[in-house]
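Asks: Give me a 3D structure for the following:
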Amino acid sequence: MPRRIRPWLWRAVLLLLLLVGWQIALAPVTSHAPDWFENADKVRHAGAFFIFWCVGAPGFARSRWLWLAGGLLGYGAAIEIGQGLLTTDRDASFADWIADALGLALGHQVANHMKTAGSLSGKFR
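Replies: Model (predicted):
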């Protein structure tokens, strides 16, 4: 039986991912090449926040997931505000923040399903 990863380690990895995400979100745009499809950046936002949730949720008791969701939504809003105020080649976007929220919601649903199915037995308290 594999050992359970300690909650503080999940939180540390989440913090590292959030710091990397902040750097990427506020870095100057290096390429103006078109995306593969329209609104591909929304998919990237949702995917990033899905990953943030999947890495963060095991680090917190289920009773704290509302706080985790609020913190991650606040982080997403801070990124958008930062892009609007601190960069010259990026824009703040409410639609990006909504994509962040959708990624969190999807991550929450996957975590709930996996807990209910028993495949993450013991990972989520």
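Asks: how about the helices of this structure, start to end?
Replies: If you assign secondary structure with DSSP state H, the helices in the chain sit at 7-26, 40-56, 65-86, 94-117.
Asks: Please name every helix or strand in contact with the first one.
Replies: This means helix 7-26. The criterion is 3 or more CB pairs under 8 Å, 6 or more residues apart in numbering; DSSP states H and E, and the helices and strands that helix 7-26 contacts are helix 40-56, helix 65-86. From N, CA and C alone the C-beta is placed, and that goes for glycine too.
Asks: neighbours around Ile51, how many?
Replies: Other residues near Ile51 come to 15 when the count uses other CB atoms under 10 Å.
Asks: re the thing from before, deepest of the helices of the chain, which one?
Replies: For the helices of the chain, average neighbour numbers computed from mean count of other CB atoms under 10 Å are highest in helix 40-56, which has a mean of 19.
Asks: so how far is that helix from its chain's centroid?
Replies: What separates the centre of helix 40-56 from the centre of its chain is 5 Å, taken as CA atoms, centre = their mean, to the nearest Å.
Asks: Find the centremost residue of the protein, please.
Replies: The centre of the chain sits closest to Phe49, judged by CA atoms, centre = their mean, with a distance of 2.2 Å.
Asks: what about it, distance to Asp89?
Replies: As for Phe49, its distance to Asp89 is 22 Å (criterion: CB to CB, to the nearest Å).
Asks: cool, and Glu80?
Replies: Applying CB to CB to Glu80 and Asp89 gives a distance of 15 Å.
Asks: Could you do Gly21 as well?
Replies: Distance from Gly21 to Asp89, counting by CB to CB: 18 Å.
Asks: and the worst-scoring helix or strand of the chain on mean pLDDT with helix 40-56, angle?
Replies: Between all helices and strands in the chain, the lowest mean by mean pLDDT, DSSP states H and E belongs to helix 94-117, at a mean of 88. Counting by axes from the mean of the first three to the mean of the last three CA atoms, to 10 degrees, helix 94-117 lies at 40 degrees to helix 40-56.
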